[in-house]
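Trainee: A structural model of the following input is requested.
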Amino acid sequence: MAPYTRPEAILKQAEGLIQVGQSTTALQSLTEVFSTKRFRSTALSSLEPIMIRIVELCVEMRRGRTAKESLMQYKNIAQNSSVPSIEIVIKRLISHADAKVVEAQEKAEKAIAVDVDDLEASETPEDVLLGAVSGDQNKDRTDRALVTPWLKFSWESYRTALETLKNNARLEAIYQQIALQAFNFV
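Mentor: Presented below is the predicted three-dimensional model:
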């Protein structure tokens with residue numbers, strides 16, 4: 001990264017990297033924004049879109065630790081001046097993670113529906129016998145492979161959000177909202 005680059009330019013560069021399939025590099029360049037001291041004095045209106053994009057990329061790549069570290073840094077920068085900005089970013093993390101769980105559940109249902117369409121073409125006699133003996137375990141295996149990783153990540157997102165918001169009187173209202181959502185988790 002150049003000695004000083006405008007946040008808008010870094011976001012545009014990251015979007016270009018995502019377009020060509022280099023999401024990991026884009027995430028790295030965006031997280032570097034918060035590691036430099038110069039950006040601590042940058043306006044939050046410029047940093048909020050970067051933070052939202054970091055959260056989205058972390059969810060897409062299931063990078064919980066990166067999301068947590070970035071949220072903590074952003075909270076430290078924004079907690080004194082803009083609590084609604086932190087709230088927007090946290091809610092984006094939770095909603096995006098929950099959307100991925102729903103998407104995975106739909107994929108799992110479609111995968112099971114595809115298996116039932118043409119028994120002769122897709123299954124061998126051994127698979128048919130195994131399916132008769134094992135019962136509904138095919139759905140369980142599909143759910144375990146597709147849905148469970150996203151459920152774990154979604155729960156981790158709730159924990160990250162609550163850890164980021166805890167012990168701060170200014171963030172108490174959003175903490176309570178996220179805690180209520182966590183109680184109603186799937």
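Trainee: from here on, contacts and neighbour counts on C-alpha atoms
Mentor: OK.
Trainee: not counting sequence-adjacent ones, nearest residue to the most centrally placed residue in the chain?
Mentor: Among the residues of the chain, the one closest to the centroid is Val59, at 2.1 Å (CA atoms, centre = their mean). In space, and not counting its chain neighbours, Val59 is closest to Ala97: 6.1 Å by CA to CA, 6 or more residues apart in numbering.
Trainee: quick one: contacts for that neighbour?
Mentor: Residues near Ala97 by CA atoms under 8 Å, 6 or more residues apart in numbering: 59, 150, 153-154, 157.
Trainee: biggest helix in this structure, by residue count?
Mentor: When every helix of the chain is counted residue by residue (DSSP state H), the longest turns out to be helix 83-117.
Trainee: now the helices for this structure?
Mentor: Listed in chain order, the helices of the chain (DSSP H) span 7-19, 23-32, 44-61, 64-78, 83-117, 119-122, 125-134, 137-146, 148-165, 172-183.
Trainee: list the buried residues in the last one.
Mentor: By neighbour count, and taking 16 or more other CA atoms under 10 Å as the criterion, the buried residues in helix 172-183 are 174-175, 178-179, 182.
Trainee: likewise for the second one?
Mentor: Within helix 23-32, the residues that qualify as buried are 23, 26-27, 29-31, counting by 16+ other CA under 10 Å.
Trainee: residues in contact with that helix?
Mentor: Outside helix 23-32, the residues that reach it (CA under 8 Å, 6+ apart) are 1, 10-11, 13-15, 17-18, 50, 54, 57-58, 70.
Trainee: let's see that with 6 Å instead.
Mentor: By CA atoms under 6 Å, 6 or more residues apart in numbering, the surrounding residues in contact with helix 23-32 are 14, 17.
Trainee: tell me what angle that helix forms with helix 64-78.
Mentor: Between the axis of helix 23-32 and that of helix 64-78 there is an angle of 30 degrees, by axes from the mean of the first three to the mean of the last three CA atoms, to 10 degrees.
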